[in-house]
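Peer 1: Prediction below, plus the sequence it came from.
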Amino acid sequence: MKTQIQIDYSKCNMCYSCIKVCPVHALRSSAQETHVELIEDRCINCGSCYSHCPQNAILYRDSIETVISWINDKQKLVAILDPAISGEFIDVNDYKKFISMIRQSGFHYVIDGAFAADLLANNYKKFLDENKGKYYLFTLCPIIQNYVQKYATKALNNLLPLPILPEMASFLTKKIINEPIKTVYIGPCIAYKDLSEFDKSDEVLTFEELRKLFERFEITEIEQEFSSFDFVEGKWGNYFAIEDGILIATNQEQNILNANVISSSGENLFKDAITDFLNYIEIIKKHFNIYYCNGCIMGPAITLSGNYIMKKYQVLQYSQKRLNDLNDKSWQENINHYLNESLPVTFKNMEIKLPQIPRKQIDDILNYLQITPTSKSCKNCGFDSCEEFASSIAQGIANSEMCIYYNIANKIKLIKKLNVQLEKLNAKIVDEEEKNKKIKEELQLHALIIENIKELLHKIPAGILVVNGENKVEYSNEFFVKILGEEAIEINEIIPGLRGSQIEKLLDISLVNMIEYALTHQKGETQKDILINDKWFNVSVYPIKYRSLAIMLIKDISTPEVNKAEIVDEIKKAIQKELDMVQQIAFSLGEGASDVERILNKVIQIYEK
């Protein structure tokens, strides 16, 4: 067998719902405790994890796209309907319209699976009548067959060697139609999908998938006419959907005291029933009919969860209606025609063997988990006892995090540790907030100083240009902009101070060369007179910070000497006033304030020269 179960790790929140209900412990938490992981070779495709996952993180193999591709390719498709269909589609008022809905989906033929069930019932009855003294587990449930082949191999020889319904129905359908077709069995069980993996049925759709197919093609009952099953129709096989259906079909349903068969069903009872069969069959001396679910109407791929009594009622009503509509003579002729068709079945010993764990190792694990076993275990880990859980940890099919008490104890320790760290972090945050508050105040003061300095530089009657290491303007005053002319004035209105402008687009190449020289030389001071717009200016360029900042000062040569001296004196006074504030916070603010200080000092030096 091949597992049909899949896990969407992105949706799993480690609620452990699936781990608790898995009857064979095929699920465990990952080592990182981020999601549940599947131990594939242990899985029996029962679907309990799928039914119980509140996050919809458990999925099963999707067959819809395969079937749709066959429909689009105009393949001749045959739908085989499981008898449990009446327990699923209680919202469809007439089964004849339901058959029409199937046809509209793209199926050429619609076959009644109950007819194959009738033939199976005859085979069951014949087998039981001819084999005296040996008692059998006879089951239509693939989950029970999977379980016995893996976990109860001592009962392998007592499994009745007859096919389950989808196998028989697919085999029989190909015999009846006798032309190239693809069969699609439609039923309530995820485990049925395993049949398509081994060519026992071309594909299997669950009832859930069939509903999705109807939704995809926008098919509803209201637009349908009546239609009938093709070729054959079933009779007693319609009762196969309920747990005692096979007994009805084989005429084995008798008084409980005289019955030859004992029935048991339910995910919480099936293992006990198989164990009792192995241990007490020579005392009980009856055949066992076992279902994993409470009949196929409670299969994991039924969309209407719960409502067992209502579903059973629907099956009984549907079966009675089919009996009333049936042409009994035609049915008997078909049964006689196909009575000898048989499908040999063999079961495989796929026993899951795990090492026996010494008692001391189990005790060591229990001590590590800080667990004292009691007569009543909580079973939240999915195991029946703490000892079994500890043994499973040693066997590698469980891990310690699956114990809720161990998990809670660890979480409490972690919370305490985190609280200590949180207190330290809060103290650090308070300290950092005080530091940040002080820095914020200093930054505000720095911003105020910068604004004052900019205002001062704007008033200086000389052009000032500060350039960074990328040959871009860091700052220029209004006098400099006016010297450059109308185009620069227009740019300045959009980009104040021409900040970010490339100097190659603003200045003569000789001035650009002077600036680049100043940037790349520690003592790169240069000076020259230049004619700009019919007026002579003295241009001085000095490095402020190697490869990072340079300053250019453009002075009008025509200014009288007396005015120069007065200007220098006024500038020195104003700049010194700002420098006092800059120096007070230079240490806190680092290079930013130091650069401003160097620029102002350089302006003074240039004017003095």
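Peer 2: Nice, I can see it.
Peer 1: May I ask which helix or strand of the protein has the lowest mean pLDDT?
Peer 2: Across the helices and strands of the chain, mean confidence by mean pLDDT, DSSP states H and E is lowest for helix 561-589: a mean of 52.
Peer 1: Surely F288 is in a helix?
Peer 2: No. Counting by DSSP: H, G, I helix; E, B strand; the rest coil, F288 falls outside a helix, being strand.
Peer 1: Return the list of helices and strands in contact with the strand or helix carrying A121.
Peer 2: Secondary structure from DSSP states H and E places A121 in helix 113-130. Other elements packing on helix 113-130 under the criterion 3 or more C-beta pairs under 8 Å, 6 or more residues apart in numbering; DSSP states H and E are strand 77-81, helix 165-177, helix 245-249, helix 328-338. Any C-beta I mention is one placed from the backbone N, CA and C, and that applies to glycine too.
Peer 1: I'd like the average pLDDT over the first one.
Peer 2: On average, the pLDDT along strand 77-81 is 96.
Peer 1: So which residues make contact with the helix or strand following it?
Peer 2: As assigned by DSSP H and E, the chain's next helix or strand after strand 77-81 is helix 85-88. The list of residues contacting helix 85-88 from outside it, by C-beta atoms under 8 Å, 6 or more residues apart in numbering, reads 95, 98, 186, 188, 207, 238, 241, 296-297, 302-304, 311-312, 314-315, 317-319.
Peer 1: again, 7 Å this time
Peer 2: 188, 207, 241, 297, 302-304, 311, 314-315, 318 (C-beta atoms under 7 Å, 6 or more residues apart in numbering).
Peer 1: Tell me which two in these are the farthest apart.
Peer 2: T303 and Y318 (17.2 Å; C-beta to C-beta).
Peer 1: which other helices and strands contact the longest helix along the chain?
Peer 2: Secondary structure assigned by DSSP state H gives helix 404-459 as the longest helix of the chain. Other helices and strands packing on helix 404-459, by 3 or more C-beta pairs under 7 Å, 6 or more residues apart in numbering; DSSP states H and E, are helix 561-589, helix 591-608.
Peer 1: Could you check how far the helix or strand that it is followed by is from the centre of its chain?
Peer 2: Moving toward the C-terminus from helix 404-459, the next helix or strand (DSSP H and E) is strand 463-468. Strand 463-468 has its C-alpha centroid displaced from the chain centroid by 58 Å (C-alpha atoms, centre = their mean, to the nearest Å).
Peer 1: Check which strands are paired with strand 463-468 and give the direction for each one.
Peer 2: With DSSP bridges as the test, strand 463-468 is paired with strand 473-476 (antiparallel), strand 549-556 (antiparallel).
Peer 1: Mind listing residues that contact the shortest one?
Peer 2: Residues from elsewhere that reach strand 473-476 (C-beta under 7 Å, 6+ apart): 464-468, 497-501, 503, 549.
Peer 1: which two in those are spaced the farthest apart?
Peer 2: Farthest pair in the contacts of strand 473-476 (C-beta to C-beta) is I464 and G500. Separation: 16.7 Å.
Peer 1: Who has more neighbours out of the two?
Peer 2: I464 (21 against 11; other C-beta atoms under 10 Å).
Peer 1: I figured the more buried one hits K482, correct?
Peer 2: No. Counting by C-beta atoms under 7 Å, I464 does not reach K482; the two are 12.0 Å apart.
Peer 1: circling back: would you mind checking the contacts of strand 473-476 for buried ones?
Peer 2: Listed as buried from these are 464-468, 497-498, 501, 503, 549; burial here means 16 or more other C-beta atoms under 10 Å.
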